[in-house]
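1. Structure for the following, please:
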Amino acid sequence: MTSPEWLLRVLGGRPKPVKRPVRRDPPTPLTRDRIGEHLSARGYRFAVDDDGDLTGTWDGSRFWFLTLGDAGEILQVRGRWHRQLPLEQRGAVGLALNDWNRERIWPKAYVREEEGRLALYSEVSADLEAGVTDRQLAQLLACGLGTGVHMFTALDALLPRDDEDVPGPTDIPDN
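-> Residues are numbered from 1 along each chain as shown. The predicted structure follows:
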């Protein structure tokens with residue numbers, strides 16, 4: 001019978017594992033400037049809206065990069081699908097979004113009525129009260145954009161077009 005590795009190490013039978021240096025990327029507070037710097041470094045085009053939020057379009061759909069919470073510690077990447085649907089499709093839309101939310105972690109999907117039409121949204125949110133490293137921020141932004149675009153592409157295939165489908169607002173060039 002052999003002893004567990006940890007017991008052998010305690011008794012001096014095995015050498016201790018070599019500790020490798022850990023790259024330090026200390027968490028720092030989330031800011032709109034950091035989000036903007038990351039988006040710029042990736043070559044993305046975006047603008048600042050009237051509320052001071054960063055926004056742009058990806059594959060025709062509008063995305064916002066929001067800092068929420070009392071201290072701006074919550075990052076939210078919110079997307080709005082480029083199509084609007086008639087109110088009569090609420091049942092089909094509800095089933096499609098329920099399936100999405102049940103089968104996937106990201107993004108959260110929901111529908112809102114806006115000016116007599118249905119608007120579909122995606123959201124990825126993270127509480128970063130303790131700060132965020134550059135790598136974590138990059139991962140969260142990629143997750144919010146990537147999963148949002150993926151969901152909207154899937155919805156294009158699931159929800160039929162009709163003559164009443166109208167595009168949402170797009171005044172920023174597409175990324």
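
2. Assign a three-state SS to Leu137, would you?
-> The local conformation at Leu137, judged by DSSP: H, G, I helix; E, B strand; the rest coil, is helix.

3. Confirm for me that it is in contact with Ile35.
-> Yes: judged on CB atoms under 8 Å, Leu137 makes contact with Ile35 at a distance of 7.3 Å. Placement of C-beta: from N, CA and C, glycine included.

4. Mutual contacts of these two, please.
-> Shared contacts of Leu137 and Ile35, defined by CB atoms under 8 Å, 6 or more residues apart in numbering, are found at Leu75.

5. what pairs with the longest strand anywhere in the chain, and is each one parallel or antiparallel?
-> Longest strand in the chain by number of residues (criterion: DSSP state E): strand 74-86. Here strand 74-86 is paired, per DSSP bridges, with strand 61-68 (antiparallel), strand 117-127 (antiparallel), strand 166-167 (antiparallel).

6. Please state the mean pLDDT value computed over the first one.
-> Model confidence over strand 61-68 averages 98 on the pLDDT scale.

7. Counting neighbours, which bits of it end up buried?
-> 61-67 (16 or more other CB atoms under 10 Å).

8. Keeping just the C-alphas, turn that strand into CSV.
-> Taking C-alpha atoms only, strand 61-68 is exported to CSV below (Å, rounded to 0.1, in the frame of the first residue of the first chain):
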residue,chain,number,x,y,z
SER,A,61,-26.7,45.3,-33.3
ARG,A,62,-26.1,48.0,-30.7
PHE,A,63,-24.0,47.3,-27.6
TRP,A,64,-23.5,49.4,-24.6
PHE,A,65,-20.6,49.1,-22.0
LEU,A,66,-22.0,50.3,-18.8
THR,A,67,-20.6,50.9,-15.3
LEU,A,68,-23.4,50.5,-12.8
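
9. So which residues make contact with it?
-> 30-32, 35, 39, 46, 49, 53-57, 73-82, 125, 141, 144-145, 148-149, 152, 168-170, 172.

10. Give me the buried subset of the residues you listed.
-> Buried among the contacts of strand 61-68 by 16+ other CB under 10 Å: 30, 35, 39, 46, 53-57, 73-82, 125, 141, 144-145, 148-149, 152, 168.

11. what about stretch 120-138, start to end distance?
-> Start-to-end span of stretch 120-138 (CA to CA, to the nearest Å) is 25 Å.

12. same question, stretch 18-30
-> Using CA to CA, the end-to-end distance of stretch 18-30 comes to 34 Å.

13. do stretch 160-173 as well
-> Start-to-end, stretch 160-173 (CA to CA) is 26 Å.

14. picking up where we left off before, now tabulate the strands paired with strand 74-86 in a markdown table and tack on distance to Ala157.
-> As requested, the strands paired with strand 74-86 are exported to a markdown table (distance: least, CB to CB, whole Å):
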| stretch | distance to Ala157 |
| --- | --- |
| strand 61-68 | 15 |
| strand 117-127 | 14 |
| strand 166-167 | 17 |
